[in-house]
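**Q** can't give you the sequence, but here's the structure:
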Ligand SMILES: Cc1ccc(CCc2c3nc[nH]c3cc3c(=O)[nH]c(N)nc23)cc1
């Protein structure tokens, strides 16, 4: 693969329905159908799932975590073992974050400067420096198909001056990330680097960030700085002012989003890619997502319910096990509970994304959105 001239990274906008977009991203490891949900594989595994299982549910791309992997087993070791795709036996597309967000939420003794973020590992206290250049070097060593610039995501609410300072630092880091990405020959390998729009909950700063990033040569653009605890209407309002000033023919990735409803509402506002720990983490805590809303299997009301989660579903976890059995597994904390509920939840998320893609192609996205929300509201009879 390495010596073949790679097909360049590309995005095709196939159809729009209102602000909703149906597209295709071509990467060196296959095509990503958008709108896409990208399961999170933090430590080189989508927790409690086999790679082939994740693929069979319809995932075209998963996420790897630069911060975790740079600490254990280190990016250099993953590179020595053939890169992340080979290491984790996932031959399809991989997207990695730059690691800055995780440093700010997980590491100890963090110190932010113009150079980057210095920090100590939350495992063994070893010292590290994450600069735009080092982040791109790590993502290149992992062999990531879609890489992120190093940015500064701040918690909301925040003062305008603080938001503006973080936005401008992220723009300077965008430029340094791009320089390093091109120095490492990313475009020639068919890899992509996304700029990340910041600007907090301030509409003017959001527009300024998107416009200034749009003038820089990125293969795609992320909307960052959201899904950090702000109300849903603030997040949606920021999308309404930001996506209209983002490049039309480049993919848009809303970082860290979200629940099925967040995804539906964000597709309606022009977003193409999503990631969220919700389906996998919730699965490990006994929560099941279904066509008719959420089912908390810890709840005693399921103790003698012989029905599966959804007998019409294709996924064995959803169709072949009673709620009573799932409730039992959750209550006695059996490993199979996490396996089955993660499987169910990822299956539901991919089922939702397939429905969204089909509806945009058919020009019926608005009906699909309303019907899906009615089904969720119907609740789990
Ligand atoms: C493995 C993996 C997990 C999670 C992520 C996304 C993590 C994430 C956010 N999650 C919620 N809100 C977020 C905002 C930002 C942001 O502004 N910048 C960056 N770089 N990442 C974010 C990427 C990769």
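**A** That came in fine, so what should we check first? Just so it is clear, the model here is predicted, and its values are computed rather than measured.
**Q** surely residue 177 is in a strand?
**A** No. If the criterion is DSSP: H, G, I helix; E, B strand; the rest coil, then residue 177 is helix and not within a strand.
**Q** quick one: contacts for it?
**A** 98, 132-133, 135-136, 149-150, 193 (CB atoms under 8 Å, 6 or more residues apart in numbering). Backbone N, C-alpha and C define where each C-beta goes, glycine included.
**Q** which residue lies closest in space to it, excluding its sequence neighbours?
**A** residue 149 (3.7 Å; CB to CB, 6 or more residues apart in numbering).
**Q** how many residues are close by the one you found?
**A** Neighbour count of residue 149, defined by other CB atoms under 10 Å: 30.
**Q** interface residues of the stretch 201-350 of the chain facing the ligand?
**A** Contact residues (CB under 6 Å from any ligand atom) of the stretch 201-350 of the chain with the ligand: 224-225, 227-228, 255-256, 275.
**Q** most neighbours, which of those residues?
**A** residue 225 (33 neighbours).
**Q** need phi/psi at that residue.
**A** Residue 225 adopts backbone torsions of phi 70, psi 10, taken as degrees, to the nearest 10.
**Q** residues touching it, list them.
**A** By CB under 8 Å, 6+ apart, residue 225 lies in contact with 153-154, 156, 166, 196-200.
**Q** now the two most distant members of those residues.
**A** Across the contacts of residue 225, the longest distance by CB to CB is 15.6 Å; it joins 156 and 196.
**Q** and these two? Which one has more around it.
**A** Shown here are residue 156 and residue 196; by other CB under 10 Å, residue 196 has more neighbours (29 against 18).
**Q** dihedrals phi and psi, that one?
**A** Dihedral angles (degrees, to the nearest 10) for residue 196: phi -120, psi 120.
**Q** contacting residues around it?
**A** Residue 196 sits next to 98, 148-149, 151, 170, 174, 213, 221-225, 255 when contact means CB under 8 Å, 6+ apart.
**Q** now do residue 19
**A** Residues near residue 19 by CB under 8 Å, 6+ apart: 243, 268-270.
**Q** same list (the residues you listed) but as a markdown table, adding pLDDT.
**A** Below are the contacts of residue 19 laid out as a markdown table (pLDDT from 0 to 100):
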| residue | pLDDT |
| --- | --- |
| 243 | 98 |
| 268 | 98 |
| 269 | 99 |
| 270 | 99 |
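**Q** ok, which pair from those residues is furthest apart?
**A** Applying CB to CB across these, the maximum distance is between 243 and 268, 10.3 Å.
**Q** hang on, the earlier thing: gap between the residue nearest to residue 177 and residue 322?
**A** Using CB to CB, to the nearest Å, residue 149 is found at 47 Å from residue 322.
**Q** sorry, back to before: rebuild the contacts of residue 196 as JSON lines, extending it with secondary structure and distance to residue 344.
**A** JSON lines is the format used below for the contacts of residue 196 (DSSP: H, G, I helix; E, B strand; the rest coil; distance: CB to CB, whole Å):
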{"residue": "98", "secondary structure": "coil", "distance to residue 344": "31"}
{"residue": "148", "secondary structure": "strand", "distance to residue 344": "29"}
{"residue": "149", "secondary structure": "coil", "distance to residue 344": "35"}
{"residue": "151", "secondary structure": "coil", "distance to residue 344": "34"}
{"residue": "170", "secondary structure": "helix", "distance to residue 344": "37"}
{"residue": "174", "secondary structure": "helix", "distance to residue 344": "39"}
{"residue": "213", "secondary structure": "helix", "distance to residue 344": "38"}
{"residue": "221", "secondary structure": "strand", "distance to residue 344": "32"}
{"residue": "222", "secondary structure": "strand", "distance to residue 344": "28"}
{"residue": "223", "secondary structure": "strand", "distance to residue 344": "29"}
{"residue": "224", "secondary structure": "coil", "distance to residue 344": "30"}
{"residue": "225", "secondary structure": "coil", "distance to residue 344": "31"}
{"residue": "255", "secondary structure": "coil", "distance to residue 344": "25"}
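**Q** pLDDT value on the nearest residue to residue 224 once chain neighbours are set aside, please?
**A** Of all residues not flanking residue 224 in the chain, residue 196 sits nearest, at 4.1 Å (CB to CB, 6+ apart). At residue 196, the model reports a pLDDT of 98.
**Q** perfect, that will be all.
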